[in-house]
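In: here's a sequence, model it:
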Amino acid sequence: MDILGATLRVCVDDLETAVPFYERLAGGRALRFERGGVQVAAVGCFLLMSGPEAELEVLRKVAATIAVKDVEETHRVLTDLGAHIVAGPVATPAGRNLIAMHPDGTVYEYVDRGA
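Out: Residues are numbered from 1 along each chain as shown. Model (predicted):
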């Protein structure tokens, strides 16, 4: 399983106010999209999220987003290591993802850029 990097998940009250700060901090433009009523802006290693509190409450339970080469392989490795797959793998606008709880109870999202 190849881990390519990690993204820090940040819930913000006002995405329009937060994005310019993170764009300057990361030195790049935000990639914006919406999913499940939550507005999202990906800027460098930051994933900014804003939306209904009920949705954000669920998103806050995920410690980080980890980019991997192949979500299917990641699924096999995590299962073999004793992780509990909470959801996925499923298709997303940018590839595929899965949510896994590690044996220590920490929850992570794993994503790839596959079709």
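
In: could you measure from the residue nearest the centre of the chain over to residue 20?
Out: With distances taken as CA atoms, centre = their mean, the chain has residue 65 as the residue nearest its mean C-alpha position (3.7 Å). Using CB to CB, to the nearest Å, one gets 22 Å for the distance from residue 65 to residue 20. (Each C-beta comes from the backbone N, C-alpha and C, glycine too.)

In: residue 28 too?
Out: According to CB to CB, residue 28 and residue 20 sit 12 Å apart.

In: re the thing from before, touching, the residue nearest to the centre of the chain and residue 47? I think so.
Out: Yes: counting by CB atoms under 8 Å, residue 47 is a contact partner of residue 65 at 6.0 Å.

In: how close does the residue sitting furthest away from the middle of the chain get to residue 1?
Out: Of all residues in the chain, residue 80 has its C-alpha farthest from the mean position, at 22.2 Å, by CA atoms, centre = their mean. Distance of residue 80 to residue 1, computed by CB to CB: 10 Å.

In: buried sites along the lengthiest helix in the chain?
Out: The longest helix of the chain (DSSP state H) is helix 15-26. Judged by neighbour count (16 or more other CB atoms under 10 Å), helix 15-26 contains these buried residues: 15, 18, 19, 22, 23.

In: common neighbours of residue 65 and residue 47, please.
Out: 7, 9 (CB atoms under 8 Å, 6 or more residues apart in numbering).

In: what's the separation between residue 81 and residue 96?
Out: According to CB to CB, residue 81 and residue 96 sit 19 Å apart.

In: revised request: answer the last question for residue 10.
Out: Relative to residue 96, residue 10 is positioned 23 Å away (CB to CB).

In: cool, residue 45 as well?
Out: Between residue 45 and residue 96 the computed distance is 20 Å (CB to CB).

In: between these two, who's got more neighbours?
Out: Remark: of residue 45 and residue 96, residue 96 carries more neighbours, 21 against 15, as counted by other CB atoms under 10 Å.

In: tell me which residues are up against the strand or helix carrying the more buried one.
Out: Under the criterion of DSSP states H and E, residue 96 resides in strand 95-101. Under the criterion CB under 8 Å, 6+ apart, residues 62, 71-72, 74-75, 78, 83-90, 107-115 lie in contact with strand 95-101.
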